[in-house]
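In: Fold the stuff below for me.
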Amino acid sequence: MGAALHHVEFGDGTPVLAIHGWTPDHRMMTGCLEPVFERRPGYRRLYPDLPAMGRTPADGVSSSDDIMAALLDFVDAEIGTAPFLLIGDSYGGYLARGMVAQRPDQVLGLTLICPVGTELDNAKRDVPEHVVLHAEPGILDTLTPDEAEDFGAIAVVQTAETLRQYAAGIMPGLAVADLDAMSRIRANWALSTAPESGPVFERPALIVCGRQDASTGFAEQFTYLPHYPRASYVVLDRAGHNLQIEQAPLFHALVGEWLDRVAEVSAAR
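Out: Predicted coordinates:
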């Protein structure tokens, strides 16, 4: 059995499981997705904290396999056998791809936001150099040195608005993560059941990447496409690993269009 996951949820209807990235917590996902779903009734949104992150303790979890076991237990407990939508950001995208390999018939549609590519080792990834394309004067001066380093090292668009969203959705998780446990898990990051090892996923998908993403890049994700024949693959300029807040209107529109495609396919069944 996997560790029990703390979570928050909103709404009723078709389940949507949203998996955050490495180190932050569920607020990373509520911040970027709730503006979409608040305008779309009929979805029950489930936002768990992964083990060692947010309010979910590590409880002996020592690998991505253990985290996957916890997620599958969570699905069984909260969703059961009902079909659901799946969204994953960064490392959460890696887990989402792995979940599709294990539950291909249960996942109605898949969205991957700046997902980890084919290389798990950061040093081996095909990524661009970090650049800042737009910065409001003095924006980093409002932060502590540690906060300025965290935000400045990843943000391509450094404005009061992107900082506000970063502070609300990402900083809180960074502050409470169990870094010792995460180091233990990081040593066993590869899933035993590899993503894309199952049957081709023929339901609607969205893969959205940042052109200036220096963390996971955009090129490796293109190689996913043969496995996801109904996937839109989108690379947004003026966007890094914080794509969901740096290009929020476009991100919201893309997720909405994906939901339309999923609904269309579901209605035709």
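In: Show me where the stretch 101-250 of the chain has its helices.
Out: Using DSSP state H, counting those that start in this stretch, the helices found in the stretch 101-250 of the chain span residues 145-154, 160-169, 171-176, 179-186, 243-246, 248-268.
In: Using a markdown table, lay out the ones you listed together with mean neighbour count and mean pLDDT.
Out: Using the backbone N, CA and C atoms, a C-beta is placed for each residue, glycine as well. What follows is the helices of the stretch 101-250 of the chain, written out as a markdown table (neighbours: other C-beta atoms under 10 Å; pLDDT from 0 to 100):
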| stretch | mean neighbour count | mean pLDDT |
| --- | --- | --- |
| helix 145-154 | 14 | 93 |
| helix 160-169 | 17 | 96 |
| helix 171-176 | 16 | 96 |
| helix 179-186 | 15 | 97 |
| helix 243-246 | 26 | 98 |
| helix 248-268 | 16 | 95 |
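In: mind checking which of these is nearest Ser62?
Out: Ranking the helices of the stretch 101-250 of the chain by proximity to Ser62 (C-beta to C-beta) places helix 179-186 first, at 5.1 Å.
In: For that closest one, give me every contacting residue.
Out: 22-23, 51-53, 58, 61-64, 66-67 (C-beta atoms under 8 Å, 6 or more residues apart in numbering).
In: now these: which count as buried?
Out: 22-23, 51-53, 58, 61, 63-64, 66-67 (16 or more other C-beta atoms under 10 Å).
In: So Gly11 versus Leu163, what's the distance?
Out: 28 Å (C-beta to C-beta, to the nearest Å).
In: ok, now Leu236?
Out: 19 Å.
In: Next: Asp141.
Out: Applying C-beta to C-beta, the value for Asp141 to Leu163 is 11 Å.
In: residue closest to the middle of the chain?
Out: Asp89 (1.2 Å; C-alpha atoms, centre = their mean).
In: Was I right to think that residue contacts Val116?
Out: No: Asp89 is beyond contact range of Val116, at 9.9 Å (criterion: C-beta atoms under 8 Å).
In: Mind picking the one among the buried ones among the contacts of helix 179-186 that's closest to Ile154?
Out: Nearest to Ile154, judged by C-beta to C-beta, of the buried ones among the contacts of helix 179-186 is Thr23 at 11.3 Å.
In: So which helix or strand of the protein has the lowest pLDDT on average?
Out: Within the chain, confidence by mean pLDDT, DSSP states H and E is lowest for helix 145-154 among all helices and strands, at a mean of 93.
In: Can you spell out which residues form a bridge with the nearest residue to Met29 once chain neighbours are set aside?
Out: Nearest residue to Met29, sequence neighbours excluded (C-beta to C-beta, 6 or more residues apart in numbering): Ala18, at 4.1 Å. Assessed by DSSP bridges, Ala18 has beta-bridge partners Ile87.
In: and stretch 107-117, how far out from the chain's middle?
Out: Distance of stretch 107-117 from the chain centroid (C-alpha atoms, centre = their mean, to the nearest Å) equals 7 Å.
In: Rounded mean pLDDT for that stretch, please.
Out: The average pLDDT within stretch 107-117 is 98.
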